[in-house]
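Q: Sequence plus predicted model, see below.
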Amino acid sequence: MGYVIGYARISSADQSEDGQVDALRRAGAGRIVVEQASGVAECPLLDGVISGLAVGDALAVTEVSRLGRTVHEILLLADDLRGRGVHLRILNLGIDTGTPAGELVLTMLADLAKFEGTCCGNDRGGGSKLPARGASTWGVRPC
C-alpha cells in the first residue's frame, strides 16, 4: 500500500485551512499540502502533488470542489489517477476509489455528468417556460 497525500485549498488569506487539515489527518494523510488559490486560478501545488503520486498512493481531499472547477475537469483527473493506479478519496462524499463501492459511485457520477451533458446540455439557454394558457405542455423539451 502506498502513501495517502492530502490536499487542502483555501481561496483567500482570511480563510483557515485548519478544518480541512484536521479532516485529512483523521483520514490518514501522512503528508498534507495546503494551497491558497481561488477556484478560477491555477493550482501549481495540486499539479505537483498529482505528478508525484505513484501506483498505490491515494490523493485525499475534503470535498470534490478542491480538485477542479468543472465536472469535466474533475472526471478527467479521476480517470488519469485511475489509469495510473492512484486512488482518490473524497471525504465528504465517502468516496474511496480504492474500494469497489467507491469506484462504482465515482463511475456512476461520471456517467450522470456525461448523460446530463449529452441530454440536457443541448438547451443551455433555455429554462422552464410557463405553458401558454390552456396548453398542456411546458415550453422546453424534457431531458
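A: Received the coordinates, thanks.
Q: Residue 35 contacts residue 48, correct?
A: No: taking contacts as C-beta atoms under 8 Å, residue 35 lies outside contact range of residue 48: 9.5 Å. For the C-beta atoms, the positions are set from N, CA and C on the backbone; glycine is no exception.
Q: more neighbours, these two?
A: residue 35 (18 against 11; other C-beta atoms under 10 Å).
Q: what's the closest non-adjacent residue to the more buried one?
A: Nearest residue to residue 35, sequence neighbours excluded (C-beta to C-beta, 6 or more residues apart in numbering): residue 45, at 4.1 Å.
Q: Give me the residues contacting the helix or strand hosting that neighbour.
A: Assessed by DSSP states H and E, residue 45 sits inside helix 44-52. Helix 44-52 has contacts (C-beta atoms under 8 Å, 6 or more residues apart in numbering) with 5, 7, 9, 33, 34, 35, 37, 59, 67, 77, 80, 81.
Q: For this protein, which element, helix or strand, carries the lowest mean pLDDT?
A: Here the helix or strand of the chain ranked lowest by mean pLDDT, DSSP states H and E is helix 100-115, holding a mean of 84.
Q: So what's the residue count around residue 21?
A: The tally of other residues near residue 21 (other C-beta under 10 Å) stands at 16.
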